[in-house]
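Chemist: need a structure here:
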Amino acid sequence: MPKYKAKTIETANGVSDFIDTIGDEQRKKDALAIIKIMREQSGFEAKMWGAAIIGFGSYHYKYESGHEGDAPLVAFSPRKNEFSLYLTSAFDGREDLLKQFGKYKTGKACIYVKKLEDINIGILKKMITGSVKFLKEKYT
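Modeler: The predicted structure follows:
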């Protein structure tokens, strides 16, 4: 059976170079604000993961299936129409925090936000902290 190769890996690409490619000034400001918040809450510097994900810290996972790899503890991507926030869905209290979060949509592994002014930044900080704590405990 061929070994799975992760598509999203940490790269040496510059975060500021990537941010400079964002054409909309408000989206650029929001992206810089998210970087600051995630850096402060996670304790890690921003790194590029793949071509368009900005991640903070990393952990190594291994599933029962044998699939393993590395992933950022928390991350986001400033997509064209919204920000994708990559936070684990497994930490305690997540559902209660989401009730106070503001305007968002969820996908399988993401929370989608149009702009920072639509959400409660204090709740975002709690969700980042909860996500980092959970993943560090589970995979350390």
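Chemist: For the residue sitting nearest the centre point of the chain, give me its contacts.
Modeler: Of all residues in the chain, the one closest to the mean position by Cα atoms, centre = their mean is Ala75, 1.9 Å from it. Residues in contact with Ala75 (Cβ atoms under 8 Å, 6 or more residues apart in numbering) are Met38, Trp49, Ile53, Ile54, Gly55, Phe56, Leu85, Tyr86. Bear in mind the C-beta positions are built from the backbone N, C-alpha and C, glycine included.
Chemist: ok, of those residues, which one's closest to Glu117?
Modeler: Among the contacts of Ala75, Leu85 lies closest to Glu117 (Cβ to Cβ), at 15.0 Å.
Chemist: Helix, strand or coil: sort out the closest one for me.
Modeler: Here Leu85 takes the strand state, with states given by DSSP: H, G, I helix; E, B strand; the rest coil.
Chemist: Over to Tyr112?
Modeler: strand.
Chemist: my read: it touches Gly102, true?
Modeler: No: using Cβ atoms under 8 Å, Tyr112 makes no contact with Gly102, being 12.0 Å away.
Chemist: and Gln26, that's in a helix?
Modeler: Yes: according to three-state DSSP, Gln26 belongs to a helix.
Chemist: got a pLDDT number for the residue nearest to it when sequence neighbours are not counted?
Modeler: Nearest residue to Gln26, sequence neighbours excluded (Cβ to Cβ, 6 or more residues apart in numbering): Lys115, at 6.9 Å. With respect to pLDDT, Lys115 scores 95.
Chemist: For Lys115, give me the backbone phi and psi.
Modeler: phi -150, psi 160 (degrees, to the nearest 10).
Chemist: That one: how many residues sit nearby?
Modeler: 14 (other Cβ atoms under 10 Å).
Chemist: where are the low-confidence patches of the chain?
Modeler: 1-7 (pLDDT under 70).
Chemist: Okay, helices next: where are they in it?
Modeler: Assigned by DSSP state H, the helices in the chain fall at 15-19, 25-42, 94-99, 121-139.
Chemist: Glu64 is nearest to which of those helices?
Modeler: helix 121-139 (13.8 Å).
Chemist: Which residues lie in contact with Gly55 in this structure?
Modeler: Glu10, Ala46, Lys47, Met48, Trp49, Ala71, Pro72, Leu73, Val74, Ala75, Tyr86.
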